[in-house]
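A.B. asks: Need the 3D shape of this:
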Amino acid sequence: MQLTRRTLLSTAAATLVTGALGGGPAAAAVRAGSSWMAGLPDGRSLLRMTIPGTHDSCCTDPANGSEWSHTQNWGVPEQLERGIRFLDIRCNGLAGAPDAFGIYHGSWYQDTTFDQVLNQCRSFLAGHPGEVLLMRVKKENGTNNDVGADFARIFNGYLDTKGYRPLFWTNPWFPTLGQARGRIVLLTDFANDWSVLHWPGGDNGFLSNDVINLQDRYTGISSGTKWSSYVQRQFDNAFNDQGSAKLYINFASIGNGEWPKYSSQTVMQKVWEYLEARKQQRANLGVVPMDFPDFHTNALQLLIDKNFI
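C.D. replies: Below is the predicted model of the structure:
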């Protein structure tokens, strides 16, 4: 049923863009998940968009921990092809490689490296140069290979020694699509004194700094409360602040004593209902990271569609 609905929504979306852009196969194609940002004007700021994302983006195999650490079925390449544009990447040291990062969920190594993630993103952007990615790079604590205060030094080695700097937008403000097409907008969630975009400090609630307005309440509440008091509230906050100088980020994920593949269901059903009831309403709702978007392709499509109303 979800696949059928997604197909119908994609077809309707392509029809709308065909009319807006003057018709033809190329115009219709811009709404496809793999290249949807290409159909938006260069002058559109990332602050004026609705951007689907994933939480703990690389945690695709319960063998790398357990079902408690399993948050995605699609790997990063498929996430990007399907329209995901925000990645939640959690790093720390890699055994036997002092100048590299592994990817973790808590203490569990996810059998992939930061190098692999960056190469996957670079490959996608090379094939889809009209797209822009946002990446939260977090120092994940509690691992067996904690690099401590060396985290920023190792990350800087990725930028310069390993040559990934051209891949990133590393300015302290959010760009327009035209400024950042083909690149990753870096959001740093680790100690550094660089002039870049910084993630808000703190944990488990509503958090804010001078560039980001964040909702990430993930423990100590029911799925119903997560929706009504946090996710819905943050959607409404974003709707009522359309000219904001901050990027709204609204995590739909929750760890409430259930495995993520179950706890995601109630919240994401409500996300779909909220978006479906407002699908003709022009509004930018910010970044919406979720677990298991493959279970919720209808909501994923509505998030993308929000940019074309």
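A.B. asks: distance of Gln234 from Gln215?
C.D. replies: To Gln215, Gln234 is 4 Å away according to C-beta to C-beta, to the nearest Å. Any C-beta I mention is one placed from the backbone N, CA and C, and that applies to glycine too.
A.B. asks: same question, Thr170
C.D. replies: Distance from Thr170 to Gln215, counting by C-beta to C-beta: 25 Å.
A.B. asks: Show the contacting residues for Arg217.
C.D. replies: With contact taken as C-beta atoms under 8 Å, 6 or more residues apart in numbering, Arg217 is in contact with 204-206, 226, 229-230, 251, 254.
A.B. asks: Now do stretch 280-299, average pLDDT.
C.D. replies: Here the mean pLDDT over stretch 280-299 is 97, rounded to a whole number.
A.B. asks: With stretch 50-58 instead?
C.D. replies: When pLDDT is averaged along stretch 50-58, the result is 98.
A.B. asks: Quick one: the helices in the stretch 201-309 of the chain, in order.
C.D. replies: When assigned using DSSP state H, counting those that start in this stretch, the helices of the stretch 201-309 of the chain occupy the ranges 223-225, 232-239, 260-277, 297-305.
A.B. asks: Contacts for the first one next, please.
C.D. replies: Judged by C-beta under 8 Å, 6+ apart, the contacts made with helix 223-225 from elsewhere in the structure are 254, 256, 263, 266-267.
A.B. asks: quick one on the thing from earlier: in CSV: the helices of the stretch 201-309 of the chain, plus distance to Gly127.
C.D. replies: Listed next are the helices of the stretch 201-309 of the chain as CSV, based on distance: least, C-beta to C-beta, whole Å:
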stretch, distance to Gly127
helix 223-225, 37
helix 232-239, 31
helix 260-277, 28
helix 297-305, 18
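A.B. asks: Without its sequence neighbours, what residue ends up closest to the residue nearest in space to the middle of the chain?
C.D. replies: In the chain, the centroid-proximal residue (C-alpha atoms, centre = their mean) is Phe86; its distance is 2.1 Å. What sits nearest to Phe86 in space, not counting adjacent residues and going by C-beta to C-beta, 6 or more residues apart in numbering, is Gly53, at 2.7 Å.
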